[in-house]
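K.L.:
model the following, please.
(one chain, ligands or ions: 1)
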Amino acid sequence: MAVAGPGQLNVEEYPSWGSRSVDCFEKLEQIGEGTYGQVYMAREIRTGEIVALKKIRMDNEKEGFPITAIREIKILKKLHHENVIKLKEIVTSPGPETDEQGNQDGNKFKGGIYMVFEYMDHDLTGLADRPGLRFTVPQIKCYMKQLLTGLHYCHVNQVLHRDIKGSNLLIDNEGNLKLADFGLARSFSTDHTGNLTNRVITLWYRPPELLLGATKYGPAVDMWSVGCIFAELLNGKPILPGKNEPEQLNKIFELCGSPDELNWPGVSKMPWYNNFKPPRPMKRRIREVFRHFDRHALDLLDSMLTLNPEKRITAQDALVAEYFWNDPLPCDPKSLPKYESSHEFQTKKKRQQQRQNEETAKRQKLQHPQPHTRLPPIQHTGGQAHPSHWHGPNHPINNPQPPVSAGPSHHQYGRPRGPPGGPNRYPPSGNQSGGYNQNRGAQVGGYSGGPYPPQGRGPPYAGSGMPAPGQRGAASGYGVGPPNYSQSSQFGGSAGGRGPNPMGGNRNQQYGGWQQ
Ligand SMILES: Nc1ncnc2c1ncn2[C@@H]1O[C@H](COP(=O)(O)OP(=O)(O)OP(=O)(O)O)[C@@H](O)[C@H]1O
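P.N.:
A predicted model of the protein is given here:
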């Protein structure tokens, strides 16, 4: 197969694409649910090969085949790299289909179209959310290196991913990490002449230039998201969990300082700058907030979370950063432990189940109260904490809000992504005591994803309940410093939830106009 060179489309077609039926595969289990519909683990009947089938959702489409699917297919056909998910073929189902409950699919084509991908055992959010799992520094370096390598390849090929987040980073049991979900990706020209939509990238990972209304942008938008993921991996929880766009910007300014003409020439001309500029200058506090990270990690993070996109580090430069060349070195992917399959969809489903069980148990207890006893309660001096405490106060299990059992991309449409685990879930990481933990085995920890941004476009945020520009958003967590880096009050509120993607109810609609 011909591999596209930088900036070229791979013109070689696959004549057989779309000619096979989905009946060539046996669906084994649902592993994801996103904008397109369901993602299944499946086995190819003839070869026994395990693949992922992503069904292209057609029921909402008034105008035929969704443009995002066309984009994803077109882009994935030209990208061939070990750190980019491989699209193997397209298959169709000629007749009406039923879902797992036996209900007929409502799509007007009365058939389905599936993308067949190589199967990956985990997504980063699902993996990091496993109870008892904590990534080591060599492991974080190993994943970060692969993320940057894959992204560098995309950028060299003039593709912006525009939705970098944990659930779109897939990992197999060989330790390989691959970028997935190119549904929001698009080609860009290096001169940034075209107008692009700024309603892309899941809110917690969205860079300040998009939040300030930029419509001309480039690969730096993805690098901001990478910085958020990097800090999240080291910190153990999302670092900028805004509930809506204004609050997101506010959080960014509190951490990264306020933008001005000195640190970001031209910022005052950005479309929404005047709506959101803080009334007084704010100090950059990355090095203070993350002082427990080691020096090289901090240097790299600082360069990724640079407000001015022109000054933000590129994937190529990040790959040669000291961080990756100093002890402890990134580990060999193959040396990483193998875990039971974990996708965000499944881990959240399990958590939802656990919550239901707890509620049932509580109800039963109320109905059948224990006989009164005079004995004092038994004091547990050690051993396992109650599961609901283990998850921390912000965990969906304990949160009074309805459980948000899936991330922005999964089956909780119309809501922001659920709160990440509580502050106690995540141990401080990085080099606190002068040496990294070189143990490559699993430890305690976790990692969680972000919400869908609120709906709507255009300037912006009227009536959104945003803090006035410059006011602090609801309880910034910064300044306390790990491990008391509390973000607890950030969660549980409504973000004016919208559809299952960061673009709006139907992200395809965003592509019809001049902004892409
Ligand atoms: N090739 C794959 N192997 C294993 N799991 C996969 C694969 N592709 C997707 N998944 C799982 O399905 C989930 C959803 O996939 P994906 O993000 O591609 O769908 P989507 O409809 O575009 O979602 P979103 O609404 O987030 O944009 C992923 O987070 C991952 O857990």
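K.L.:
which stretches of the stretch 51-200 of the chain have low pLDDT?
P.N.:
59-63, 95-110 (pLDDT under 70).
K.L.:
get me the contact residues on it for the ligand.
P.N.:
52, 54, 85, 117-120, 123, 126, 167-168, 170, 180-181, 183 (C-beta under 6 Å from any ligand atom). C-betas here are computed from N, CA, C, even on glycine.
K.L.:
what's the answer for the chain, then?
P.N.:
Within the chain, the positions lying close to the ligand (C-beta under 6 Å from any ligand atom) are 31-32, 34-36, 39, 52, 54, 85, 117-120, 123, 126, 167-168, 170, 180-181, 183, 343-345, 409, 500-501.
K.L.:
in helices, which of those residues appear?
P.N.:
The members of the residues of the chain next to the ligand that map onto helices under DSSP state H are Gly126, Glu344, Phe345.
K.L.:
quick one: neighbours of the last one, just the number.
P.N.:
Residues near Phe345, counting by other C-beta atoms under 10 Å, number 25.
K.L.:
what does the second one give?
P.N.:
A total of 32 residues lie near Glu344 under the criterion other C-beta under 10 Å.
K.L.:
ditto for Thr215
P.N.:
Once other C-beta under 10 Å is used to define contacts, Thr215 is seen to have 16 neighbours.
K.L.:
got it, and Glu44?
P.N.:
17.
K.L.:
so what does it have for phi and psi?
P.N.:
phi -70, psi 120 (degrees, to the nearest 10).
K.L.:
got a pLDDT number for it?
P.N.:
Per-residue pLDDT puts Glu44 at 97.
K.L.:
what's across from it in the sheet?
P.N.:
Phe25 (DSSP bridges).
K.L.:
I'd assumed Leu53 was in contact with it.
P.N.:
No - Glu44 is not in contact with Leu53 according to C-beta atoms under 8 Å; the separation is 10.0 Å.
K.L.:
okay, and the common contacts of those two?
P.N.:
Here Glu44 and Leu53 have Phe25 as joint contacts, going by C-beta atoms under 8 Å, 6 or more residues apart in numbering.
K.L.:
burial measure for the closest residue to the ligand within the stretch 251-400 of the chain, as a count.
P.N.:
The ligand sits closest to His343 of the stretch 251-400 of the chain, with a gap of 3.5 Å, by C-beta to the nearest ligand atom. Neighbour count of His343, defined by other C-beta under 10 Å: 27.
K.L.:
can you give me the strands in the stretch 151-300 of the chain?
P.N.:
Here the stretch 151-300 of the chain has its strands, by DSSP state E, counting those that start in this stretch, at 159-160, 169-171, 177-179, 186-187.
K.L.:
what's the second one in contact with?
P.N.:
The reference is to strand 169-171. With C-beta under 8 Å, 6+ apart, strand 169-171 has contacts from 85, 120-124, 127, 143, 147, 177-180, 229.
K.L.:
against the ligand, how distant is Cys239?
P.N.:
To be clear, residue 239 is Ile; Cys isn't right here. 20 Å (C-beta to the nearest ligand atom, to the nearest Å).
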